[in-house]
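> Whatever this is, show me its structure:
(one chain, ligands or ions: 1)
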Amino acid sequence: MTKIAIWCRHEGDNIIGIGENIPWHVSSDFKRFRRITENMSIVCGQTTYESFPNRTLPNRKIYVLTFDEHYEVSDKENHFVVNDANELRDLEEPLYICGGASIYKLFMKKMPPEIVVDSCYKGELNPELKGQPVDISECMERIKKDYWQISPDYDEDNIVTTIKIKKGEFIPQEILKHITFAIINR
Ligand SMILES: NC(=O)c1ccc[n+]([C@@H]2O[C@H](COP(=O)([O-])OP(=O)(O)OC[C@H]3O[C@@H](n4cnc5c(N)ncnc54)[C@H](OP(=O)(O)O)[C@@H]3O)[C@@H](O)[C@H]2O)c1
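Sure thing, here's the model as predicted:
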């Protein structure tokens, strides 16, 4: 299984959320996320899952990480509760890691993604949002040490997206092609 982390963080402080929300609204960012993850398998934490409209993302298989053994998903055919991330180790298909912070950190430590789609937002944070800032600075420390940037900077609407790969890992070319095509083909 190839693991791909995909996120959009704020430049400088690496904030990805405030409380349960993403503190910016850039529609091209959502569209890029959809093009990359549509028809794919994704994994997310329970908080992020609850933040999806109607607790779903169409045309994706969703693995929801929660410690709650009785957690109920909104779509039993396509969404699956996972209580232990190790259960995902034997998946054959590529797995897109979609947050939030606790899940990015978990994978970075225990099952580092071979590929990271690193989008960096350079605008202002929504000042009206209440709640604790959630950041992925510790993931970015790992990225600096263990990953190469293999793409140019793709700049769209104040967000710069780059593709990074883990040093020394085998990277399937068809996955890189899919991601690159999805980023470029707006
Ligand atoms: N900007 C972006 O790209 C982006 C992407 C995604 C999310 N976000 C933001 O990130 C924030 C949410 O991040 P978060 O860290 O607070 O929440 P989260 O990672 O989405 O979910 C946390 C929950 O996941 C479950 N969990 C965590 N570790 C687990 C493990 N090892 N095994 C099983 N279950 C586990 C727990 O659920 P239970 O409590 O049910 O046990 C935990 O409460 C929000 O602000 C969201 O908007 C931003």
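> Specify the local secondary structure of the residue lying farthest from the centre of the chain.
No residue in the chain sits farther from the centre than H70, which is 24.8 Å out by CA atoms, centre = their mean. Following DSSP: H, G, I helix; E, B strand; the rest coil, we place H70 in the coil state.
> for the residue lying closest to H178 once chain neighbours are set aside, what are its contacts?
Across the structure, with CB to CB, 6 or more residues apart in numbering as the measure, the residue nearest H178 apart from its sequence neighbours is I36 (7.6 Å). C-beta here means a position set from N, CA and C on the backbone, and glycine is covered the same way. Counting by CB atoms under 8 Å, 6 or more residues apart in numbering, I36 makes contact with I6, Y96, V117, H178, I179, A182, I183.
> Would you mark the buried spots in the helix or strand encompassing I36?
According to DSSP states H and E, I36 maps onto helix 27-37. Of the residues in helix 27-37, those buried by neighbour count under the rule 16 or more other CB atoms under 10 Å are D29, R32, F33, R35, I36, T37.
> and it, how far out from the chain's middle?
Helix 27-37 sits 11 Å away from the centroid of its parent chain (CA atoms, centre = their mean, to the nearest Å).
> before we move on, what about stretch 13-28?
12 Å.
> can you tell me if it touches the ligand.
Yes: contact of stretch 13-28 with the ligand (CB under 6 Å from any ligand atom) involves I16, G17, G19, E20, N21, I22.
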